[in-house]
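*Asks:* Kindly generate the corresponding structure for this input.
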Amino acid sequence: MVKTLSQNSLSTPLFKRYTFVMKYRVRAKVSVYPTAAAPWYLIYLPKKKSVEIKKRFGAKQRGWSSLPVEVTIRKTSWRTSIFFDRRAESYILPLKVGIRRKEEIGEGDEITFSLEIKV
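*Replies:* Purely as a prediction, here's the structure:
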């Protein structure tokens with residue numbers, strides 16, 4: 001049973017229900033995309049995994065070809081999105097500065113992480 005909050009006879013679920021969840025274990029290298037304001041730190045998922053994810057979840061993509069995910073790198077977990085890059089034929093995982101600092105991740109590091117797709 002899902003608990004709900006009632007407001008003016010409308011009910012909103014407290015917990016999102018996902019119709020499908022799939023977990024992947026990934027090893028990939030951290031890349032930097034330079035911009036004028038500040039560089040973006042990205043992980044390009046391996047093409048083989050990206051093709052598999054695209055086949056399974058491509059129809060459920062959101063804006064900018066994104067998919068909602070939960071990522072765990074070492075002891076840090078967070079919710080974000082991955083984005084499909086047509087030129088690279090790969091999904092991209094952006095890494096925020098807080099995550100990089102907490103887990104001491106830098107450009108060129110090869111890291112292993114879990115990626116849970118939740119659609």
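
*Asks:* same for the lengthiest helix in the chain, what does it pack against?
*Replies:* Ranked by residue count under DSSP state H, the longest helix found in the chain is helix 47-57. If you count contacts as 3 or more C-beta pairs under 8 Å, 6 or more residues apart in numbering; DSSP states H and E, helix 47-57 packs onto strand 21-33, strand 76-85, strand 90-95, strand 110-118. Using the backbone N, CA and C atoms, a C-beta is placed for each residue, glycine as well.

*Asks:* What is the neighbour count of residue 38?
*Replies:* Close neighbours of residue 38, defined as other C-beta atoms under 10 Å, add up to 8.

*Asks:* and the gap between it and residue 83?
*Replies:* 18 Å (C-beta to C-beta, to the nearest Å).

*Asks:* do residue 65 as well
*Replies:* Residue 65 is 6 Å from residue 83, by C-beta to C-beta.

*Asks:* Next: residue 47.
*Replies:* Separation of residue 47 from residue 83 (C-beta to C-beta) stands at 15 Å.
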